[in-house]
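Novice: Sequence first, then the predicted structure:
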Amino acid sequence: MPFHSRHSGFNHPLSSEITPRAAYEGRRDMLRLMAGGAAGAALAAWAGREALAQAAAGVTPRPGKLAALPGAKSTVAGAVSMEKLTDYKDASTYNNFYEFGTDKADPARNAHTLKTSPWTVEVEGMVKKPGKYGIEDLVKLSAQEERIYRLRCVEGWSMVIPWVGYSLAELIKRVEPQGSAKYVEFVTLADKATMPFVGSRVLDWPYVEGLRMDEAMHPLTLLAFGMYGEVLPNQNGAPVRLVVPWKYGFKSAKSIVKIRFTDKEPGTAWNKAAQQEYGFYSNVNPNVDHPRWSQATERRIGEDGLFAKKRKTLMFNGYEAQVGQLYAGMDLKKFY
């Protein structure tokens with residue numbers, strides 16, 4: 001989601017705002033070691049830790065914070081990135097969830113008030129089988145899989161997160177959309193009693209997102225119930241959220257309470273807030289800059305060490321082989 005400054009409206013974050021504190025501390029430690037002539041030993045130790053982490057790449061470490069929610073290895077093409085995982089601490093404490101505040105640390109600090117049980121998701125609109133699903137039934141609707149996806153924020157930072165869930169298409173097939181349904185709208189919880197920033201002027205509440213039907217049916221589009229082998233933390237969109245890895249992060253609606261099938265393009269939260277800056281599609285595209293900053297590169301959270309450089313952003317966030325055909329013939333500067 002875009003960063004909103006309390007002082008000057010919608011602003012691109014400063015580099016200091018997207019670098020975890022641990023990275024700064026690690027950088028200072030490294031500089032002290034170098035000054036003392038111990039850089040070689042320090043780098044060797046660092047490389048050893050990296051090698052051990054890579055050796056265990058096939059096993060996602062469980063943080064042991066919340067209830068376990070294991071997922072089987074996914075066979076969906078493109079669903080398992082081999083890149084180094086973002087540390088759970090970073091992924092769970094550095095995020096955007098404006099219902100709980102506009103600073104990156106606000107969701108982790110404030111989301112304890114969110115009540116995720118009981119929880120229902122209503123399916124309505126142009127479907128043959130509308131209805132309400134309790135979260136317990138929704139979790140059991142299809143086999144849980146682990147999907148290791150790249151996450152790219154429109155602000156210019158990224159992560160690699162192991163989600164747990166199943167393709168949204170599994171739910172869509174169950175409810176049998178009518179032939180006239182062209183879009184899927186996702187409505188999220190907007191409860192002033194448990195979400196202290198609902199009602200603020202930042203956005204039009206509730207937070208709403210949407211996908212074209214073929215995007216929603218794509219096997220990479222994930223209905224997620226967990227991350228890092230456990231149920232979702234409140235601040236990451238518990239108890240159920242969307243994850244669309246080839247789009248900017250704000251497209252992946254959190255804490256969903258309603259899924260509506262419609263023949264009209266839904267009005268989405270950030271498109272309503274700043275239409276010229278956040279289009280309906282919001283596909284990751286290094287060739288289409290945000291009106292006020294470049295999208296050509298990104299900062300990977302957790303890689304802000306002494307020698308870290310910005311990464312080049314990949315078309316469709318690296319999922320072009322899987323999803324590029326969805327947009328064949330479209331002007332991606334017009335349909336941004």
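Specialist: Happy to help now that I have it.

Novice: CA only for contacts and neighbour counts going forward, please
Specialist: Noted.

Novice: any low-confidence regions in the stretch 1-150 of the chain?
Specialist: For the stretch 1-150 of the chain, the stretches flagged by pLDDT under 70 are 1-59.

Novice: Tell me which stretches of it form strands.
Specialist: Taking DSSP state E, counting those that start in this stretch, the strands of the stretch 1-150 of the chain run over residues 4-5, 9-10, 72-73, 120-125, 131-134, 145-152.

Novice: Just name the most buried of those strands.
Specialist: For the strands of the stretch 1-150 of the chain, average neighbour numbers computed from mean count of other Cα atoms under 10 Å are highest in strand 145-152, which has a mean of 26.

Novice: dump the residue contacts of the closest residue to Val154 other than its chain neighbours.
Specialist: Nearest non-adjacent residue to Val154, counting by Cα to Cα, 6 or more residues apart in numbering: Tyr248, 5.4 Å away. Taking Cα atoms under 8 Å, 6 or more residues apart in numbering as the criterion, Tyr248 is in contact with 1, 151-154, 282-284.

Novice: Could you report the neighbour count for Arg201?
Specialist: Look at Arg201: counted by other Cα atoms under 10 Å, it has 9 neighbours.

Novice: show me what contacts it?
Specialist: If you count contacts by Cα under 8 Å, 6+ apart, Arg201 has none.

Novice: Repeat that for Ile256.
Specialist: Contact criterion Cα under 8 Å, 6+ apart gives 121, 186-189, 240-242 as the residues in contact with Ile256.

Novice: ok, now Gly131?
Specialist: Contacts of Gly131 were listed using Cα under 8 Å, 6+ apart, and they are 122-124.

Novice: need those residues in a markdown table with distance to His290, can you?
Specialist: Written out in a markdown table, the entries for the contacts of Gly131 read as follows (distance: Cα to Cα, whole Å):
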| residue | distance to His290 |
| --- | --- |
| Glu122 | 34 |
| Val123 | 34 |
| Glu124 | 34 |
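
Novice: which one of these is nearest Phe197?
Specialist: Sorting those by how near they are to Phe197, with Cα to Cα, puts Glu122 at the top with 23.7 Å.

Novice: Surely the closest one is in contact with Lys129?
Specialist: No: the pair formed by Glu122 and Lys129 falls short of the contact definition of Cα atoms under 8 Å, at 11.1 Å.

Novice: Counting neighbours, what do you get for the nearest residue to Thr297 once chain neighbours are set aside?
Specialist: Among residues not flanking Thr297 along the chain, Lys312 sits closest, at 4.3 Å (Cα to Cα, 6+ apart). A total of 13 residues lie near Lys312 under the criterion other Cα under 10 Å.

Novice: Same list, the contacts of Ile256, but as CSV with secondary structure and distance to Leu220 please.
Specialist: Formatted as CSV, the contacts of Ile256 follow (DSSP: H, G, I helix; E, B strand; the rest coil; distance: Cα to Cα, whole Å):
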residue, secondary structure, distance to Leu220
Val121, strand, 21
Phe186, strand, 17
Val187, strand, 20
Thr188, strand, 21
Leu189, coil, 24
Val240, coil, 16
Arg241, strand, 14
Leu242, strand, 11
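
Novice: which one of these is nearest Asn110?
Specialist: Closest to Asn110 out of those is Leu189 (15.3 Å), distances taken as Cα to Cα.

Novice: ok, Ser255 touching Asp191?
Specialist: No: look at Ser255 against Asp191 with Cα under 8 Å: they stay out of range, at 11.0 Å.

Novice: ok, the two, which is more surrounded?
Specialist: Under the criterion of other Cα under 10 Å, the comparison of Ser255 against Asp191 puts Ser255 first, with 27 against 16.

Novice: Please tell me how far the more buried one sits from Leu222.
Specialist: Here the criterion is Cα to Cα, to the nearest Å. By it, Ser255 lies 14 Å from Leu222.
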